[in-house]
Every structure is written in structure tokens, then in C-alpha cells.
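> Okay, sequence plus prediction incoming.
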There are 2 protein chains.
Amino acid sequence: MSSSSAAPAAKPPMREALVAAAFQLFLERGYEQTTVDDIVALAGVGRRSFFRYFPSKEDVVFPDHERCLADMTAFLAASAAEHEPVRRVCDAARLVLGMYAENPTFSVQRYRLTKQVPGLRAYELSVVWRYERALAEYLRGRFAGRPDGTLRADVIAAAVVAAHNNALRSWLRSDGLDDAGAAVDHALGYVQTVFGQTAGPAPAAPAPIGPVPAGDTEDVVVLVSRRDAPLWRVVQELETALGRA
Amino acid sequence: MSSSSAAPAAKPPMREALVAAAFQLFLERGYEQTTVDDIVALAGVGRRSFFRYFPSKEDVVFPDHERCLADMTAFLAASAAEHEPVRRVCDAARLVLGMYAENPTFSVQRYRLTKQVPGLRAYELSVVWRYERALAEYLRGRFAGRPDGTLRADVIAAAVVAAHNNALRSWLRSDGLDDAGAAVDHALGYVQTVFGQTAGPAPAAPAPIGPVPAGDTEDVVVLVSRRDAPLWRVVQELETALGRA
């Protein structure tokens, strides 16, 4: 997880110390009741050190989202033409899961904190929006020039984020005990099934008569026929479809 | 549009005057440079009157979202079992479009303002989230007890919101000159096509043999058959499906 091509930069210990001090205080006395001064006092550093790492108190709650957004952008930028686009954005979403799953205890603590503090909820929505835009921008590029390219890009990006977050929330509500990877794979699998290989619906107007593929089930034949087709023509098609002609 | 069953309540003139004064000042000197005191001075009312209608300066930028959220909630609560759920949430989303289309000039001004002010963008994301949750809650109820009910509810709600907003943004970028209704109908039509009648992919394991409905196209017959079914049984089913037995 969080497998960008670049080697991960070693985290400065001061940054980690600030995050640890902040969460200790948030849990002890509450988010609103904790000031940046309290955090730096506990971490044993100065105010300027805090703001070198975090633009605001909200940012210390989500210390890894900027790195994860950068990983996701790099991952999508490194895509090749042969990458199936819906699968690619699903894989990009798995980077976010990886960040949460790296440290379950911290992720669960933050989940509880975010639910209690409206300001953090708003901050989280803005981060989710940035992930969604990164996915949508990539898909817009891949679908450029196709009918409804931007519409499909936006809808698929939103569906991927919603599926990912549905699984992520289930995992967080399990206190990080469930299998996060399996839950997200299942949820993203649903999106891939719905939007398929070409990320579009099946053609609205089926051929007048003829077999159509039935997905992965090789021993099932689906035959689409006009109601007014001559029966002999339908049987002929059917024999061909069943491999008995 | 915005056709809740209740008759629209007459808006108090003071509320309208505050919105008009606020937007005049936001456009003249900018959002950040305008205070609530400036707004009430121009509208000729006291500060307490402002806060009777709007909890904060941000709320005056989006004066109709609370009403629209209430309309949407009432619309969804009034749903019956025979309402196809995906169509129903698409119709609920059209209430939001109706609110924007009621006053194109105001909507376009607000769109430009929101793009410039990060705080307003964050506020808007939280409103969009509330719409999405209202749609998802309704769908969760409709899909209760079905496999992946909450997953499908969350994904479809997100897809509906993304499609609606894709069309809405196109319309706002046209300065409100395009046909908003047609754009949103087209975008929501895509979502309905993708998520279909039952809001899920086709069943993985079809019945061994037998006709299945082909959506709205009455003159098309779809026959699903096991590949190893005896031909005479398939033809018999086919005759029945074609109404010729």
C-alpha cells in the first residue's frame, strides 16, 4: 500500500512528536479545548516548528493526506494507455486505504474525533473532494473526445470514492479489526462490475437478433430477439449460439 | 421544478432584502471585505434581524438550501413502494436544480463568488454532502436486507449527485443561458441507464432457462438458457416467450 514509485521520505521525528502530542491532548481534553500552544508545550518544541509542518490545528489531525494526494497524483500520472481506466482509479483509491490501514489505532481514534467535531468533518470533506477531483481529472483525460466524457469521468470518480469510503467506514466502525483490504476490494469490485471495461452502459439498442455475451458464465447463453422475428430465424441463431449448428 | 406537495411559503421581504444587500456588497467590495454590519446597514435593519434568518455570513450566500433540503427530505419520505428507487432519487435531485434555475442571475453570481472564496467552497461541500446523505438514506431504506444494500445506496447517491453537479456546473458556466433541465435530464439519464431498474448489475446466476424482461422495450425478447439445455426445451420456452405456443 501507498506504493508510489519514489522511496518514502523518512519522517522527521519532530513531526511525529507533534502529531503524537496533539492526539494525546485531543483525546484527554477534547479537540476544541486544545490549543497549538498546548501541543507545542507537550512536544517540547516552539510554535514556529508546529507551523513549519502544519498550516493549522486541523492539519495535524490529517497529517498524511497531503503525502497521499501526492502519491495518488503521481500514480495516476504514471498510467499507460493499456491501463483500463476504471481499474486504474480503483487502484489509486487503494492508496488512501493503505494510508489508513498503516496505523489502525490512529485511524480509529481520528474517526471518532472527526465525528464529534464539525470543523474536522468539513476539513475531511474538502480532502475527499480533492481525491475525487484527482480521479476525475485522470478519467477526463482518458475519456477525452468520447461522448459524455466529462460526465462519465465525474460519475465514476464519485462512485469510486463512495465505494471506498463505504468500506473504509465499515472497517473504522469495526475498530480496525475487520480485513480492510477485503472490504475495499469487494466495494471497488462492485463499481468495476457496474462500469465495466469501457466504463459505459451496454448499448441501448440491442442487435435485432443474435447471442450476446453473458459475462463470465460460460455455460449460459443469452439470446436477444425481436418479438416479431420469424421463429426459424430465432432457432437458427439459437443453434449457432449453443454451438450445435 | 422544486415542486414539493406543499404550497411554497411566502418569503418575508426582510429576508429577501438582506440577501439582496449582501450580494450587492459581495459583488462591489468582495465577500471577505463585507461584514454583517455592512449588510444590515444597507438593508436598513438591525443585527438581530440578520441572525434571525441566517446563522452566519456564509448562510446568506446559500439562502435557499435549507428549504431545498427540507423539500427533498419530504419528497423522499412521501415515496411509495412502487416508485423505482433510482428514478426517485434522480427526481429528488431535480429539486436542487429547480432551486438554481428559479433565479439564474443570482445562481451565476453565487457560482463566481463561491469559486473565489475557499470558505464558501467548504460550506458548499458540506451542503452537497447533506443532499447526498439524504439520497443515500432513502436508498438504504429501499435496499434494506438486500446484499450490499448500503454499498449500492452510497454509490448510487454519489453518482446521482455527481451527474447533477456536472450538468449544473455546465449550465452555470454558460451564464445560465443553456437549457438547465435538458442538461440535468441527460446526465441523470446516464445514471439511470447504468444502475438500471434494480440499481444493480444483472444477477450473476440466471435461472436455468426462461425469458427475462427486457426493460421498456416490449418488442424485444431476452432468453437466458443453459448451454447444455435440450434444444426442444429451449424452443418451447422461446415459443412461449414469443407468444406463439
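Here it is on my side, so go on.

> Is chain B within reach of the helix or strand hosting residue A:110?
Assessed by DSSP states H and E, residue A:110 sits inside helix A:104-116. No: under the criterion of CB under 8 Å from any CB of the partner chain, chain B is not reached by helix A:104-116; the shortest gap measures 13.0 Å. Heads up, the C-betas are built off the backbone N, CA and C, glycines and all.

> Enumerate the positions of that helix that are buried.
Residues of helix A:104-116 classed as buried by neighbour count (16 or more other CB atoms under 10 Å in any protein chain shown): A:104, A:106, A:107, A:108, A:109, A:110, A:111, A:113, A:114.

> Next: stretch A:159-171.
A:159, A:160, A:161, A:162, A:163, A:164, A:165, A:166, A:167, A:168, A:170, A:171.

> Stretch A:179-187 too?
Applying 16+ other CB under 10 Å to stretch A:179-187 flags A:180, A:183, A:184, A:186, A:187 as buried.

> same thing with stretch A:140-154?
Going by 16+ other CB under 10 Å, stretch A:140-154 has these buried residues: A:140, A:142, A:143, A:148, A:149, A:150, A:151, A:152, A:153, A:154.

> Run through the residues that contact the second one.
So the one you mean is residue A:142. Shown in contact with residue A:142 (CB atoms under 8 Å, 6 or more residues apart in numbering or on different chains): A:85, A:153.

> if I look at it, how far off is residue A:88?
Separation of residue A:142 from residue A:88 (CB to CB, to the nearest Å): 8 Å.

> What of the first one?
Counting by CB to CB, the gap between residue A:140 and residue A:88 amounts to 13 Å.

> Going by residue numbers, what spans are strands in chain A?
A:209-212, A:220-226 (DSSP state E).

> Domain-wise, how is chain A divided?
Per automatic domain parsing, the structural domains of chain A span A:61-195, A:209-241.

> picking up where we left off before, which stretch in the strands of chain A has the least confidence?
Note on the strands of chain A: strand A:209-212 shows the lowest mean pLDDT, a mean of 44.

> residues contacting the most centrally placed residue in chain A?
With distances taken as CA atoms, centre = their mean, the residue of chain A nearest its centroid is residue A:93 (3.0 Å). Residues in contact with residue A:93 (CB under 8 Å, 6+ apart) are A:131, A:135, A:160, A:161, A:163, A:164, A:184, A:188.

> Tell me the one among those residues nearest to residue B:62.
Set against residue B:62, the nearest of the contacts of residue A:93 by CB to CB is residue A:161 (23.1 Å).

> before we move on, back to that, just give me the closest of the buried residues of stretch A:159-171 to chain B.
residue A:162 (3.5 Å; CB to the nearest CB).

> And for the residue nearest to that closest one when sequence neighbours are not counted, the neighbour number?
The shortest distance from residue A:162 to any non-neighbouring residue, by CB to CB, 6 or more residues apart in numbering or on different chains, is to residue B:158 (3.5 Å). Using other CB atoms under 10 Å in any protein chain shown, residue B:158 has 24 neighbouring residues.

> right, and residue B:158 touches residue A:161 too?
Yes: taking CB atoms under 8 Å as the definition, residue B:158 is a contact partner of residue A:161 at 6.7 Å.

> Okay, now the unreliable bits of chain A?
Across chain A, the ranges flagged by pLDDT under 70 are A:1-12, A:197-245.

> that older thread, make TSV out of the domains of chain A and add distance to residue B:118.
Output for those, formatted as TSV (distance: least, CB to CB, whole Å):
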stretch	distance to residue B:118
domain A:61-195	9
domain A:209-241	45
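
> Of all those domains, which one is nearest residue B:46?
Residue B:46 lies closest, by CB to CB, to one member of the domains of chain A: domain A:61-195, at 27.9 Å.

> Tell me the span between the first and last residue of the closest one.
34 Å (CA to CA, to the nearest Å).

> what's the spacing between that domain and its chain's center?
Here domain A:61-195 shows a centroid-to-chain-centroid distance of 2 Å under the convention CA atoms, centre = their mean, to the nearest Å.
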